[in-house]
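Asks: For reference, the sequence and a predicted model appear below.
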Amino acid sequence: MIAPTSYISGKQKLKRSPKKKKDSDEAYSTYLPEGDYDMFNDGKINVLTKKVSMLEKAKAKAEVELKAVKKDNAELKKAANNHAEIIDQLTDDLEEQNKVIDRIT
């Protein structure tokens, strides 16, 4: 609820009043004896716990897959570098052979 507090040059300044606590909020928490539980909140907690568990399992699975992909990536990079070295070597050999052919002809 908003209550006016004063008028300043024709404009109204508004101040929020504090929220009131409901009697049922305090009373409900006091009516639960020890050993009893709040079935509504426990149900929500169980659902959230299951979701967290599923997310943790998915995260663990994704981490394992990530490690496998990183390993494959490293192997492919190594193979690509080896192929590049072989191509460079063959190119150098081809240039030398062209020079020899040019000398002969």
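Replies: Perfect, thanks for sending it.

Asks: Tabulate the CA atom coordinates of stretch 82-100 in PDB.
Replies: Provided in PDB are the C-alpha atoms of stretch 82-100 (Å, rounded to 0.1, in the frame of the first residue of the first chain):
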ATOM      1  CA  ASN A  82      52.500 -35.400 -39.600                       C
ATOM      2  CA  HIS A  83      50.800 -35.100 -43.000                       C
ATOM      3  CA  ALA A  84      51.900 -31.500 -43.400                       C
ATOM      4  CA  GLU A  85      55.500 -32.500 -42.700                       C
ATOM      5  CA  ILE A  86      55.300 -35.300 -45.300                       C
ATOM      6  CA  ILE A  87      53.800 -32.900 -47.900                       C
ATOM      7  CA  ASP A  88      56.600 -30.300 -47.200                       C
ATOM      8  CA  GLN A  89      59.200 -33.100 -47.600                       C
ATOM      9  CA  LEU A  90      57.600 -34.300 -50.900                       C
ATOM     10  CA  THR A  91      57.400 -30.700 -52.200                       C
ATOM     11  CA  ASP A  92      61.100 -30.200 -51.400                       C
ATOM     12  CA  ASP A  93      62.000 -33.400 -53.200                       C
ATOM     13  CA  LEU A  94      59.900 -32.400 -56.200                       C
ATOM     14  CA  GLU A  95      61.700 -29.000 -56.400                       C
ATOM     15  CA  GLU A  96      65.100 -30.900 -56.300                       C
ATOM     16  CA  GLN A  97      64.000 -33.200 -59.000                       C
ATOM     17  CA  ASN A  98      62.800 -30.300 -61.200                       C
ATOM     18  CA  LYS A  99      66.200 -28.700 -60.800                       C
ATOM     19  CA  VAL A 100      67.900 -31.900 -61.800                       C
END
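
Asks: Could you list the low-confidence segments of this protein?
Replies: Low-confidence segments of the chain (pLDDT under 70): 1-40.

Asks: Could I get the full set of helices for the protein?
Replies: Taking DSSP state H as the test, the helices found in the chain are 23-31, 39-104.

Asks: Quick one: these as TSV, columns for mean neighbour count too.
Replies: Just so you know, the C-beta spots here come from the backbone N, C-alpha and C atoms, and that holds for glycine as well. Putting those into TSV (neighbours: other CB atoms under 10 Å) gives the following:
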stretch	mean neighbour count
helix 23-31	9
helix 39-104	10
